[in-house]
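Student: Need the 3D shape of this:
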Amino acid sequence: MEIRIDDLSGKEIQDLLHQHLASMYDISPPESVHALDITALQHPNVTVWSVWIDGEIAGCGALKQIGPGHGEIKSMRTSENFLRRGVAANLLAHILQEARRRKYSRLSLETGAEPEFEAARKLYQRFGFDACSPFGDYVEDPNSVFYSRALQLFSPAL
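Tutor: Below you'll find the model as predicted:
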């Protein structure tokens, strides 16, 4: 499994992100879809990673800086051919490591409340994310669940 920063120029990542957006609109009402399109993912405050297994795109995810020391996980998606193979867990661990490297003290995310998002909610809970109030520009939404997690920043032992 290879996780690498993606510039979003490849057909594979573009196709996966288009599938992601289409799926979000199939599941949630338009006003409750908070997924970013490719243009928004290319903003300088967003880093996107793609996951590759044996030359095939297996997933993607992004980290958006939303404030000083505060990041948001965006666009987490596993390709259908790679579900339940640890793609999302490995990518989430990678994003957490990068958030710590950037010295973020908090990492947050929004995901759906619908049954289709149950696996995602369980993954985030397993990684220590707790339900929270809306953050940033979000507002209460019955179709959204908000999570946040404090990040410990360890200094080297003296």
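Student: now for the longest helix seen in the chain, which elements pack on it?
Tutor: In the chain, assigned by DSSP state H, the helix with the most residues is helix 11-27. Packing partners of helix 11-27 (3 or more Cβ pairs under 8 Å, 6 or more residues apart in numbering; DSSP states H and E): helix 38-41, strand 46-53, strand 56-67, strand 70-78. Every C-beta, even on glycine, is put in place using the N, C-alpha and C of the backbone.
Student: switch to 7 Å and redo it
Tutor: Using 3 or more Cβ pairs under 7 Å, 6 or more residues apart in numbering; DSSP states H and E, the elements in contact with helix 11-27 are strand 56-67, strand 70-78.
Student: Just the buried positions in it, please.
Tutor: For helix 11-27, a neighbour-count test (16 or more other Cβ atoms under 10 Å) marks 12, 13, 16, 17, 20, 21, 24 as buried.
Student: Which residues does that helix contact?
Tutor: For helix 11-27, contacts defined as Cβ atoms under 7 Å, 6 or more residues apart in numbering pick out 6, 8, 33, 35, 37-38, 50, 57, 60, 75, 77, 79, 112, 114, 116.
Student: on that earlier part again, need the helices and strands packed on helix 11-27 in JSON lines (columns: distance to residue 127, mean neighbour count and mean pLDDT).
Tutor: Shown next, in JSON lines, are those (distance: least, Cβ to Cβ, whole Å; neighbours: other Cβ atoms under 10 Å; pLDDT from 0 to 100):
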{"stretch": "strand 56-67", "distance to residue 127": "12", "mean neighbour count": "21", "mean pLDDT": "97"}
{"stretch": "strand 70-78", "distance to residue 127": "10", "mean neighbour count": "23", "mean pLDDT": "97"}
